[in-house]
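Asker: All I have is the shape, not the residue letters:
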């Protein structure tokens, strides 16, 4: 899911988009615990390690239920205790829905949001959240024993507080970067009682990201200047400095053109003209934006990307949602930047246990 201002809400909910993805995720990046916060009794990595006893000991790994009760700190610094393995999980972001299904907890998900679109099994589930808010009463009626929410204001803090006040464990995730996406996959997997699946998925993702980075770096080419268009219906929106999308562009072999601020996602046309993108990637292609529309905009016709025909659409969902399809998004972005990019073969997807 993106994270840009409400004036571009149709493209806002994926970065960091998603995010997480956002954070891409949800989502997402686990930050340090605040001073004075209780020390968690188990982190995702520790929980995963607990299920992976070395073969030499011949000791059976504990069952998922044996991991509980489980206490840890979520991405907003809140200590969360889950008394037993959740059986009725509610997901409040598309990214966390994807994570839950990817790690094998999909059968225990009882509700999602009205903008969830993947996997297909999730689409038919009851909706308890939308861009307008979270239906706390409906979540309580579903007898949820775990809610996974998006941070950085993606889900209403008031709704999260109400759910916690009613005794429902709520894990809030927010991934500001790719590393945060990987951490959040493990965090959500652990909260759902599937730590081994989470660790397996992130290990494969890390390996694939490394292979992509090495392949693109070995080509020895100068990264082209890339502008990723999030929206341009009224103002022009692109990646902020140090943002999730900017990092994805760098990993995909481009030199990201950013807004000049870590918190502002709009960029004046004159600034974009001065940056003169060599490639324009249309993250808003799903909303009808085409290379022809871009070329016809006043002032855009002289950009190098436009004159050379390097204005290319991309599936923004897989690029900016902070979840397990992030590598798929990275590959798509690399090919949007350079259709001849020397990418390694895609790995077979990891099957959930």
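Answerer: Now that the structure is in, tell me what you want to look at. Since we're looking at a predicted model, the values are computed, not measured. Numbering: from 1, shown residues only.
Asker: Tell me which stretches of the chain form helices.
Answerer: 9-12, 44-50, 94-102, 120-123, 136-141, 157-165, 178-191, 195-218, 244-251, 269-275, 291-296, 304-307, 316-320, 326-337 (DSSP state H).
Asker: among these, which is nearest residue 257?
Answerer: helix 269-275 (4.6 Å; C-beta to C-beta). Every C-beta, even on glycine, is put in place using the N, C-alpha and C of the backbone.
Asker: Can you list the low-confidence ranges for the stretch 201-350 of the chain?
Answerer: In the predicted model, the stretch 201-350 of the chain carries pLDDT under 70 at residues 219, 349-350.
Asker: Break the protein down into its domains, please.
Answerer: Split into domains by automatic domain parsing, the chain comes to 29-203, 219-337.
Asker: Would you reformat those as JSON lines and include mean neighbour count and distance to residue 210?
Answerer: Shown next, in JSON lines, are the domains of the chain (neighbours: other C-beta atoms under 10 Å; distance: least, C-beta to C-beta, whole Å):
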{"stretch": "domain 29-203", "mean neighbour count": "20", "distance to residue 210": "11"}
{"stretch": "domain 219-337", "mean neighbour count": "20", "distance to residue 210": "10"}
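Asker: could those go into JSON lines alongside distance to residue 344?
Answerer: Shown next, in JSON lines, are the domains of the chain (distance: least, C-beta to C-beta, whole Å):
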{"stretch": "domain 29-203", "distance to residue 344": "17"}
{"stretch": "domain 219-337", "distance to residue 344": "9"}
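Asker: Pull the contacting residues for residue 299.
Answerer: Counting by C-beta atoms under 8 Å, 6 or more residues apart in numbering, residue 299 makes contact with 269, 273.
Asker: ok, it to residue 313 distance?
Answerer: Residue 299 sits 21 Å away from residue 313, going by C-beta to C-beta, to the nearest Å.
Asker: Residue 202 now?
Answerer: 29 Å.
Asker: ok, residue 266 - contacts?
Answerer: Applying C-beta under 8 Å, 6+ apart, the residues contacting residue 266 are 5, 235-237, 259.
Asker: 7 Å - rerun?
Answerer: Contact analysis of residue 266 by C-beta atoms under 7 Å, 6 or more residues apart in numbering lists 235-237, 259.
Asker: Same question for residue 330.
Answerer: 209, 212, 248, 251-252.
Asker: would you list those in CSV and tack on distance to residue 96?
Answerer: Shown next, in CSV, are the contacts of residue 330 (distance: C-beta to C-beta, whole Å):
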residue, distance to residue 96
209, 20
212, 24
248, 19
251, 22
252, 24
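Asker: So which of those is the closest to residue 101?
Answerer: Out of these, the member with the shortest distance to residue 101 (by C-beta to C-beta) is residue 209, at 21.2 Å.
Asker: Distance of residue 146 relative to residue 190?
Answerer: 11 Å.
Asker: for residue 166, that is, sorry about that
Answerer: Taking C-beta to C-beta, one finds residue 166 at 23 Å from residue 190.
Asker: Who are the contact partners of the residue nearest to residue 337 when sequence neighbours are not counted?
Answerer: Nearest residue to residue 337 in three dimensions, chain neighbours excluded: residue 254, at 4.6 Å (C-beta to C-beta, 6 or more residues apart in numbering). Residues near residue 254 by C-beta under 7 Å, 6+ apart: 223-224, 226, 279, 337.
Asker: Would you mind measuring from residue 254 to residue 145?
Answerer: In terms of C-beta to C-beta, residue 254 sits 43 Å off from residue 145.
Asker: Same question for residue 128.
Answerer: Distance from residue 128 to residue 145, by C-beta to C-beta: 14 Å.
Asker: Also residue 228?
Answerer: Residue 228 is 39 Å from residue 145, by C-beta to C-beta.
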